[in-house]
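A.B. asks: missing the sequence, but the structure's below:
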């Protein structure tokens, strides 16, 4: 059933998706991080994607459109509809970003992160305009810690594909 749900998001499937969501909610149709991983797995998202904390954290941040730190069903469903037909492609993209990140990152005491120099190398190796790299760093480094986390990179690729036309 999950594969069928990935390809079709109509009103009848909305009820089924809501029931899956409710199986893992913790409060009034709101899921936390753990619940999100379970919902996505039940809906057919690849296990290697939902197993990565950084991926789930990034998805939670993307879906949380009201910025309250939680994802309610309507936020989830709106996002789900936007990616439903492309879920397998989205999984491939997330895996590709993860592979890129792993190739270029350093492991700091606070976890994996790209230094600015590593991000510059990644940026130029992808064929992007070197003159835009400083602007890209400012755009991607949301917490201004001079490092690019996997979560920041995932969010940026989703936004950069529209704003700067970066292609994977």
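C.D. replies: The structure has been received and is ready for your questions. In this text the structure is predicted, and so the values were computed from the model without any measurement. Residues are numbered from 1 along each chain as shown.
A.B. asks: tell me how far the longest helix seen in the chain is from the chain's mean position?
C.D. replies: Criterion DSSP state H: the longest helix present in the chain is helix 87-104. On the basis of Cα atoms, centre = their mean, to the nearest Å, helix 87-104 is displaced by 10 Å from the centre of the chain it belongs to.
A.B. asks: against which helices or strands is it packed?
C.D. replies: Using 3 or more Cβ pairs under 8 Å, 6 or more residues apart in numbering; DSSP states H and E, the elements in contact with helix 87-104 are helix 47-50, strand 111-115, helix 116-125, helix 150-163. For every residue, glycine as well, the C-beta is placed using N, CA and C.
A.B. asks: quick check: angle from it to strand 111-115?
C.D. replies: 80 degrees (axes from the mean of the first three to the mean of the last three Cα atoms, to 10 degrees).
A.B. asks: what average pLDDT does helix 87-104 get?
C.D. replies: Average pLDDT, helix 87-104: 72.
A.B. asks: hmm, who's touching it?
C.D. replies: 6, 44-46, 48-49, 52, 55, 83, 112, 114, 118-119, 121-122, 150, 153-154, 157, 168 (Cβ atoms under 8 Å, 6 or more residues apart in numbering).
A.B. asks: format the helices and strands packed on helix 87-104 as CSV; extra columns: mean neighbour count, mean pLDDT and distance to residue 15.
C.D. replies: What follows is the helices and strands packed on helix 87-104, written out as CSV (neighbours: other Cβ atoms under 10 Å; pLDDT from 0 to 100; distance: least, Cβ to Cβ, whole Å):
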stretch, mean neighbour count, mean pLDDT, distance to residue 15
helix 47-50, 15, 74, 23
strand 111-115, 18, 75, 39
helix 116-125, 16, 88, 43
helix 150-163, 18, 63, 28
